[in-house]
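Enquirer: based on what follows, work out the 3D shape:
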Amino acid sequence: MLHSQIISLFILAIPVACISWTFTHEEIFKEVHNYCVKRSLNDKLLYRRKFFYMLNCEYCFSHYITIAILFLTGYKLLFTGWVGYLVSGFSLVWIANIYMGLYNMIRINLKKEKLETEIEEHQLKEQTKK
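Expert: Residues are numbered from 1 along each chain as shown. Below you'll find the model as predicted:
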């Protein structure tokens, strides 16, 4: 039983990470993200600023997605009842954020390699012109 719960934890964290990252970073939600950033910085009321901040922070947003995933799946970790939901919720958020951190590191490395390649190509073109 624990074995399948652990496997489920790592599998369920994938959609949490994917949805959280997509909503807070990708181009498809750029306008919504920019609106939330603007409201989180400029709204007059503190609770609204905090609400909109939670929609543009991948860590914060992953909590909302985790709650939805727990509601849809009924997944509980280690315990039955509300304690199982609580443990699974924080565990899902933690694993999902590890996934997002790894994904971000991979993207940074890919961008760095692409930029280095472009610089080298530009230098080669300049050398061949001489």
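Enquirer: now do the longest helix anywhere in the chain: which elements does it pack against?
Expert: Using DSSP state H, we find that the single longest helix of the chain is helix 81-129. With contacts taken as 3 or more C-beta pairs under 8 Å, 6 or more residues apart in numbering; DSSP states H and E, helix 81-129 sits against helix 2-25, helix 58-73. From N, CA and C alone the C-beta is placed, and that goes for glycine too.
Enquirer: format those as JSON lines; extra columns: mean pLDDT, mean neighbour count and distance to residue 42.
Expert: Formatted as JSON lines, the helices and strands packed on helix 81-129 follow (pLDDT from 0 to 100; neighbours: other C-beta atoms under 10 Å; distance: least, C-beta to C-beta, whole Å):
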{"stretch": "helix 2-25", "mean pLDDT": "94", "mean neighbour count": "16", "distance to residue 42": "19"}
{"stretch": "helix 58-73", "mean pLDDT": "94", "mean neighbour count": "17", "distance to residue 42": "18"}
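Enquirer: report the contact partners of the residue most central in space within the chain.
Expert: The centre of the chain sits closest to residue 21, judged by C-alpha atoms, centre = their mean, with a distance of 3.2 Å. Residue 21 sits next to 58, 100, 103 when contact means C-beta atoms under 8 Å, 6 or more residues apart in numbering.
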